[in-house]
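Enquirer: sequence plus the predicted model coming up.
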Amino acid sequence: MVKRVVLIGAGLRGLDIYGTWLASHPEAARVTAVAEPDPLRRSAAAKLFSLGEKALFPTYEELLQERIPADIALICTQDRLHAGPAVAAMEIGYDVILEKPLGVTEEECERVYRTAKQLGRKLYLCHVLRYTGFFSTVKRSIASGLIGEIIHIEQAEHVTYWHFSHSYVRGNWRREADSSPVVIAKCCHDIDIISWLLDDPVISVASTGALTWYTGAHAPAGAPPYCLDGCPEERTCPWYAPRVYRQALPLVSGFRHAESRLLRAAGTFITACPEFVRKLCSRFRPLRFLSEWDLWPATAVTTDLTAEGKLAALKDGPYGRCVYRCDNDVPDHQVVMMQTAGGKSAVLTMEGHSYLEGRWIRIDGSAGTLEGWFTMAGERLWYFDHRDGKKWLLWEEKNTPSGHGGGDIGLMESIFLNHEEDSTPTLEELLVSYRIGFAAERARKEGRIVPIVRS
């Protein structure tokens, strides 16, 4: 059965990722209307989904007022426009696919939860890590009894220096008041995974963290407000905006750590000879994106992805600012400690200064240990047996699938192609993971252990 979808928010997640999947699976889904304030994005959505003007709306309120026949509302707006559209869509009669986070306050999360519960609507939150091969293997290994009883979990989300500066220093999530606490905005995936794996209710949390590096105190002498205003450190600064957005050199350099030899060689060569690569690739159409990068994060800066377009956007736009002279206030590193009712413990670390993007996990049990990494350079998961000391490779992926290690596609397949849904969190699981996140932020700010209240 083809499911009819209304898309609210046609940005990177809504259009470029989920929208592209929907458009390529007409046997499973059909987008019937789109709400998006950016006229260029609306136009791109109209082209992708073959929609007429009457199916395009500048706001979600206007779309929902039309009560367009549909089964699902796919909501991919900015964080502070999650709860409102989700509640309104469910009240009309739609099931909802909601980009994370569930809400930016506990009250918002409770409201979305109560609405779904009372109206009997399906609510799919885009906690896509559950749908990856890596974390599915972790979950199955624990469920099979391989490591015995879980005693302790350590999970770390290492955000690269350039990604953190893009999203949490220059970008949309740089200020808590304009988005949500960073432990919610960035780490809600991780808290959800830890809760899912523990299968034992968390009863209290403690946390510590601060904004340490991306402040005016660390600005080089003479550094102007914008990179293109003549920064004296442009040749040495890792965050120099043209370096990040014109050829995405910090992103490409991460390929040097890949499991794939081809990716390692490409990353090393491109990073060592950027100007030669730019000139060479500008003449070879399949590789033109390497001469003037036209993928994320450049797509967040401007819709004009030419050299001139990007330079114009960086000249006085938010992504062209010196990382030490922004108005950011969220921590660039944070640690969350959790205690369960059954005496288990878990620690989550987030930091925005890594050389490589990804997550590292270690789970110690009574019979053995799981240890692995889930990164843009590859994925591996090992099991270490306590009794005989043997080490087994349980999962390996050298060429990491795009979109959260394949999780974006896994989520869509689960919803629209009726694939196995064991990974789908219940409404109660969703709410509890956000209660943990908000409790962690209170613990960080107040310097105390915060109990988790359960309804």
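Expert: Alright, I've got the coordinates. Residues are numbered from 1 along each chain as shown.
Enquirer: grab the nearest non-local neighbour of Ala89.
Expert: Nearest residue to Ala89, sequence neighbours excluded (Cβ to Cβ, 6 or more residues apart in numbering): Ala73, at 3.8 Å. Heads up, the C-betas are built off the backbone N, CA and C, glycines and all.
Enquirer: what is the neighbour count of the one you found?
Expert: Ala73 has 28 neighbours, counted by other Cβ atoms under 10 Å.
Enquirer: quick one: secondary structure of it?
Expert: strand (DSSP: H, G, I helix; E, B strand; the rest coil).
Enquirer: next one: Leu305
Expert: Under three-state DSSP, Leu305 falls in the coil class.
Enquirer: leaving out the residues flanking it, which one is nearest to it?
Expert: Among residues not flanking Leu305 along the chain, Asp294 sits closest, at 4.2 Å (Cβ to Cβ, 6+ apart).
Enquirer: over to Gln78?
Expert: Asn172 (6.3 Å).
Enquirer: circling back: for Pro250, see how far away the residue nearest to Leu305 is.
Expert: According to Cβ to Cβ, to the nearest Å, Asp294 and Pro250 sit 16 Å apart.
Enquirer: these two: which has the busier surroundings?
Expert: With neighbours defined as other Cβ under 10 Å, Asp294 and Pro250 compare such that Pro250 has more, 22 against 14.
Enquirer: quick one, what contacts the nearest residue to Ser167 once chain neighbours are set aside?
Expert: Using Cβ to Cβ, 6+ apart and skipping residues adjacent in sequence, the residue nearest Ser167 is Trp173, 5.2 Å away. Trp173 is in contact with 79, 167, 179-180, 182, 185-186, 330, counting by Cβ atoms under 8 Å, 6 or more residues apart in numbering.
Enquirer: those residues in helices, which ones?
Expert: Within these, residues falling in helices by DSSP state H are 182, 185.
Enquirer: closest one of the contacts of Trp173 to Glu154?
Expert: Glu154 has its nearest neighbour among those in Lys186, at 17.5 Å by Cβ to Cβ.
Enquirer: the closest one contacts His163, doesn't it?
Expert: No - shown here, Lys186 and His163 do not form a contact pair, counting by Cβ atoms under 8 Å, at 9.9 Å.
Enquirer: overlap in contacts, the two.
Expert: Common neighbours of Lys186 and His163 (Cβ under 8 Å, 6+ apart) do not exist.
Enquirer: are we agreed that Pro250 is in a helix?
Expert: Yes - if the criterion is three-state DSSP, then Pro250 is within a helix.
Enquirer: distance of Leu356 from Val159?
Expert: According to Cβ to Cβ, Leu356 and Val159 sit 10 Å apart.
Enquirer: higher neighbour count, those two?
Expert: Between Leu356 and Val159, counted using other Cβ under 10 Å, the more crowded position is Val159 (25 against 18).
Enquirer: I'd like the next helix or strand past the helix or strand containing that one.
Expert: In the assignment (DSSP states H and E), Val159 maps to strand 150-160. Where DSSP H and E defines the elements, the next helix or strand beyond strand 150-160 is helix 161-164.
Enquirer: counting by contacts, list what that following helix packs against.
Expert: If contacts are counted by 3 or more Cβ pairs under 8 Å, 6 or more residues apart in numbering; DSSP states H and E, helix 161-164 sits against helix 249-253, strand 345-354.
Enquirer: could I get the full set of helices for the stretch 351-455 of the chain?
Expert: Under the criterion DSSP state H, counting those that start in this stretch, the stretch 351-455 of the chain contains helices at 402-405, 407-416, 427-446.
Enquirer: any chance of those helices in TSV with mean neighbour count as columns?
Expert: Formatted as TSV, the helices of the stretch 351-455 of the chain follow (neighbours: other Cβ atoms under 10 Å):
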stretch	mean neighbour count
helix 402-405	19
helix 407-416	22
helix 427-446	21
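Enquirer: now mean pLDDT and distance to Arg362 too, for those, in JSON lines please.
Expert: Shown next, in JSON lines, are those (pLDDT from 0 to 100; distance: least, Cβ to Cβ, whole Å):
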{"stretch": "helix 402-405", "mean pLDDT": "75", "distance to Arg362": "18"}
{"stretch": "helix 407-416", "mean pLDDT": "94", "distance to Arg362": "21"}
{"stretch": "helix 427-446", "mean pLDDT": "95", "distance to Arg362": "20"}
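Enquirer: pipe these into TSV and attach distance to Ser204 per row.
Expert: Formatted as TSV, the helices of the stretch 351-455 of the chain follow (distance: least, Cβ to Cβ, whole Å):
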stretch	distance to Ser204
helix 402-405	29
helix 407-416	29
helix 427-446	8
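Enquirer: how many neighbours does the closest residue in space to Arg175 that isn't next to it in sequence have?
Expert: Distances taken as Cβ to Cβ, 6+ apart place Asp329 nearest to Arg175, at 5.4 Å, with adjacent residues excluded. Residue neighbour count, defined by other Cβ under 10 Å, stands at 15 for Asp329.
Enquirer: likewise Ile92?
Expert: Residue crowding around Ile92 was assessed by other Cβ under 10 Å; the count is 17.
Enquirer: what's the answer for the one 4 residues further on, then?
Expert: Summarising burial for Val96: neighbours were counted as other Cβ under 10 Å, giving 24.
Enquirer: can you tell me how far it is from Tyr383?
Expert: Val96 is 38 Å from Tyr383, by Cβ to Cβ.
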